[in-house]
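Enquirer: Got a predicted structure here, sequence first:
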Amino acid sequence: MAPVDNNRPFRIIVVGAGLTGLVTANCLQKLGIDHVVLEKGDVAPPKGGIAMWPHSIRILYQLGVLEELKKFSKPTIGFKGNGPDGRPVYDTQVYHCVEKNHGVSMWPVERTDILRIMYENLPDKSLVKARVKITDVKQFPDRVEVVLEDGTVEIGDMIIGADGVHTTTRDYMWAHAAKVSPGLITAAERTSLKSHSETLIVSTPPIPELGYRDIVITYQNRFNFLFTCTHDAVWAVVVFLFDEPLPWPHRKRYTEEHAEALAKLVMDKPITDQLVFADVWKRRREAPRVVMLQEGVLEHWHHGRICLVGDAAHKAHPNIALGGNTGIEDVACLMNHIWRAVEASPHKRPSGTALEAVFEAYQEEQKPRVKHIVSLSAMAARMHTFASVFHKFLANWVFPAFKDHWPADYIGQYFSSAPKLEFLSSEGFPTGKMPWLSDQKRASEGDEIGNE
Ligand SMILES: Cc1cc2nc3c(=O)[nH]c(=O)nc-3n(C[C@H](O)[C@H](O)[C@H](O)COP(=O)(O)OP(=O)(O)OC[C@H]3O[C@@H](n4cnc5c(N)ncnc54)[C@H](O)[C@@H]3O)c2cc1C
């Protein structure tokens with residue numbers, strides 16, 4: 001093997017080219033930090049939809065992809081809730097209030113479109129290597145090495161694990177921690193990610209009765225329907241509560257027959273006062289899928305030279321569409337700390353100790369925010385499935401009684417306090433009644449916007 005060059009520039013190995021991996025690559029290319037992104041599958045596979053909220057849309061604006069994204073997404077307008085008989089329980093203008101608060105509201109987009117746009121935006125696409133298999137990860141006092149199946153060894157100063165909920169990077173991180181810090185990662189932490197439910201995922205062409213810019217939720221007993229409706233598609237999920245939660249490492253492998261069996265259970269259930277689920281099912285445009293829905297926040301997001309972002313570190317129930325958004329803000333926060341550490345180090349190459357301080361600062365900032373979102377998502381999910389009498393009461397009586405602006409103002413505090421990329425301008429991005437706190441902080445510090 002060639003000798004290790006210790007004079008090489010600072011280099012980051014990113015594992016995973018999903019949402020967080022591609023946002024990371026875009027940041028690193030803006031910062032001029034050497035890196036490689038290793039993806040086990042294809043870049044931007046077709047996989048249903050994802051909704052972006054204001055704080056993430058601001059980061060996408062900073063990265064220069066918003067104009068392109070606008071061609072593929074129109075903000076959602078209506079938020080409608082129906083009872084088990086399909087009759088309306090509420091019809092709110094909450095997204096309108098979100099837009100008033102922040103200048104933008106929620107944008108649903110096909111995953112393949114947003115991932116392709118992020119990939120196309122990279123000035124150097126050769127740094128993303130798709131269809132690679134990692135066979136080993138080694139940590140040394142001065143570097144990390146990632147070994148690939150074809151014998152290639154990628155050498156860097158640190159690894160960002162952006163490889164989703166079934167992360168391999170985290171397994172290597174835990175194995176390393178067990179060797180050098182025995183007792184740090186407990187069995188309780190490892191099993192703290194639990195699946196309380198599974199979801200059937202189907203997409204269809206637009207269904208006029210459901211609307212074109214609406215979210216429609218239908219509550220049922222121990223399951224719920226949720227439809228994200230656009231001019232191009234309806235992304236439907238049917239969430240089924242488990243009787244008992246399944247902790248990590250349990251993983252169900254589903255087949256199309258499972259999907260069909262689940263669909264059969266709910267075929268005759270109303271989704272509105274005009275439609276039953278069979279009306280959606282018969283329009284499905286590709287093979288249905290089923291996935292387990294893990295929930296939880298790990299205590300340790302980093303160890304040694306490995307740091308985790310997005311679903312590899314935490315997992316939110318998707319009912320309020322914030323899991324991927326929290327991953328984007330993780331990346332923004334981590335990149336801000338890395339940028340500062342690189343600028344502060346004599347050869348623009350932070351030491352192992354400096355990197356640990358970076359990872360710890362990132363974890364400290366993000367963990368409380370993510371915990372809040374994971375528990376809010378869990379509460380919404382339990383409410384939507386009438387998980388208990390208390391949740392049923394909330395769903396039927398408390399939530400419909402809120403004025404539209406209350407939920408928007410509540411979640412708005414979380415949006416307005418989100419990080420942005422401190423090394424890129426956000427000038428020109430809309431603002432609303434609830435100002436972006438990071439802009440206010442910078443203005444009060446009299447700070448200059450840095451490299452662009
Ligand atoms: C039905 C559903 C709907 C959702 N809707 C929303 C929504 O509207 N809004 C929202 O914010 N969130 C939503 N989420 C959550 C969101 O999908 C995730 O939080 C988000 O995709 C996480 O991004 P990630 O980059 O961390 O992981 P992923 O998106 O899972 O990406 C991980 C990447 O790493 C790759 N990878 C995995 N292992 C390896 C390996 N060993 N080597 C190399 N590469 C590897 C994978 O192939 C993948 O490309 C939804 C989730 C579900 C299930």
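Expert: Received the coordinates, thanks. Numbers count the residues shown, from 1 in each chain.

Enquirer: Tell me the pLDDT of the residue most central in space within the chain.
Expert: Centre of the chain computed as the mean C-alpha position; nearest residue by C-alpha atoms, centre = their mean is Gly324, 1.3 Å away. pLDDT, Gly324: 97.

Enquirer: Quickly find the element holding it.
Expert: Taking DSSP states H and E as the definition, one finds Gly324 inside helix 323-344.

Enquirer: Buried residues, that helix. List them.
Expert: Neighbour-count burial for helix 323-344, counted by 16 or more other C-beta atoms under 10 Å, picks out 323-342. Quick note: C-beta positions are derived from backbone N, CA and C, even for glycine.

Enquirer: Now do the same for Pro400: its pLDDT.
Expert: What the model reports for Pro400 is a pLDDT of 85.

Enquirer: Am I right that it is in a strand?
Expert: No. Secondary structure of Pro400 (DSSP: H, G, I helix; E, B strand; the rest coil): helix, not part of a strand.

Enquirer: Am I right that it is in contact with Asn82?
Expert: No. In this structure Pro400 lies outside contact range of Asn82 using C-beta atoms under 8 Å: 11.2 Å.

Enquirer: More neighbours: which of those two?
Expert: Each of Pro400 and Asn82 has its neighbours counted (other C-beta atoms under 10 Å); Asn82 has more, 23 against 14.

Enquirer: Identify the residue spatially nearest to that one, adjacent ones excluded.
Expert: Spatially, and ignoring its direct neighbours in sequence, Asn82 is nearest to Thr218 (4.3 Å; C-beta to C-beta, 6 or more residues apart in numbering).

Enquirer: was I right about the residue nearest to the centre of the chain contacting Ile50?
Expert: Yes. Applying C-beta under 8 Å, one finds Gly324 in contact with Ile50, separated by 5.4 Å.

Enquirer: Which residues are in contact with each of these two?
Expert: Leu19 (C-beta atoms under 8 Å, 6 or more residues apart in numbering).

Enquirer: how about the residues of this structure that lie near the ligand?
Expert: 15-21, 38-41, 50-51, 134, 162-164, 168, 199, 201, 237, 291, 310-312, 318, 321-325, 327 (C-beta under 6 Å from any ligand atom).

Enquirer: Just give me how far stretch 368-383 sits from the chain centre.
Expert: How far stretch 368-383 lies from its chain's middle: 14 Å, per C-alpha atoms, centre = their mean, to the nearest Å.

Enquirer: buried ones in it?
Expert: Applying 16+ other C-beta under 10 Å to stretch 368-383 flags 369-370, 372-374, 376-383 as buried.

Enquirer: Repeat that for stretch 179-198.
Expert: Neighbour counts over stretch 179-198 (16+ other C-beta under 10 Å) mark 185, 193-198 as buried.

Enquirer: hang on, the earlier thing: what bridges to the residue nearest to Asn82?
Expert: Thr218 has these beta-bridge partners by DSSP bridges: Asn82, Phe225.

Enquirer: With Pro247 instead?
Expert: For Pro247, the beta-bridge partners are Lys194 (DSSP bridges).

Enquirer: and it, what does it touch?
Expert: Pro247 sits next to 191-195 when contact means C-beta under 8 Å, 6+ apart.

Enquirer: how close does it get to Ile215?
Expert: Per C-beta to C-beta, to the nearest Å, Pro247 is found 30 Å from Ile215.

Enquirer: Tell me which residues of the one helix or strand His391 maps to come out buried.
Expert: Assessed by DSSP H and E, His391 sits inside helix 389-393. Within helix 389-393, the residues scored as buried using 16+ other C-beta under 10 Å are 391-392.

Enquirer: Return it as CSV; C-alpha atoms alone will do.
Expert: Only the C-alpha atoms of helix 389-393 are listed here, as CSV (Å, rounded to 0.1, in the frame of the first residue of the first chain):
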residue,chain,number,x,y,z
VAL,A,389,-58.3,7.9,24.6
PHE,A,390,-56.2,10.9,25.5
HIS,A,391,-54.8,11.1,21.9
LYS,A,392,-58.3,10.6,20.4
PHE,A,393,-59.6,13.5,22.6
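
Enquirer: What are the contacting residues of it?
Expert: Helix 389-393 has contacts (C-beta under 8 Å, 6+ apart) with 379, 382-383, 385-386.

Enquirer: ok, now which ones touch the residue of the stretch 101-250 of the chain found nearest the ligand?
Expert: Nearest residue of the stretch 101-250 of the chain to the ligand (C-beta to the nearest ligand atom) works out as Gly164 at 2.6 Å. Residues near Gly164 by C-beta under 8 Å, 6+ apart: 16, 18, 310-312.

Enquirer: How about Pro9, nearest residue that isn't a chain neighbour?
Expert: Closest to Pro9 by C-beta to C-beta, 6+ apart is Asp34, at 5.0 Å.

Enquirer: May I ask you to confirm that the one you found is in contact with Ala25?
Expert: No. Assessed by C-beta under 8 Å, Asp34 is found out of contact with Ala25, at 11.6 Å.

Enquirer: higher neighbour count, these two?
Expert: More crowded of Asp34 and Ala25, by other C-beta under 10 Å: Ala25, with 27 against 15.

Enquirer: now the closest residue to Tyr90 other than its chain neighbours: how far from Thr92?
Expert: Spatially, and ignoring its direct neighbours in sequence, Tyr90 is nearest to Pro400 (4.2 Å; C-beta to C-beta, 6+ apart). Distance of Pro400 to Thr92, computed by C-beta to C-beta: 9 Å.

Enquirer: shared neighbours of the two, anything?
Expert: Shared contacts of Pro400 and Thr92, counting by C-beta under 8 Å, 6+ apart, come down to Gly81.

Enquirer: Quickly note the distance from Ile33 to the ligand.
Expert: Remark: distance between Ile33 and the ligand (C-beta to the nearest ligand atom, to the nearest Å) = 19 Å.

Enquirer: can you pull the contacts of that residue?
Expert: 10-12, 338, 342.

Enquirer: quick revisit: turn the buried residues of stretch 179-198 into CSV, including distance to Thr353 and pLDDT.
Expert: Compiled in CSV, these are given as follows (distance: C-beta to C-beta, whole Å; pLDDT from 0 to 100):
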residue, distance to Thr353, pLDDT
Ile185, 21, 97
Leu193, 29, 97
Lys194, 35, 97
Ser195, 37, 97
His196, 39, 96
Ser197, 42, 97
Glu198, 43, 97
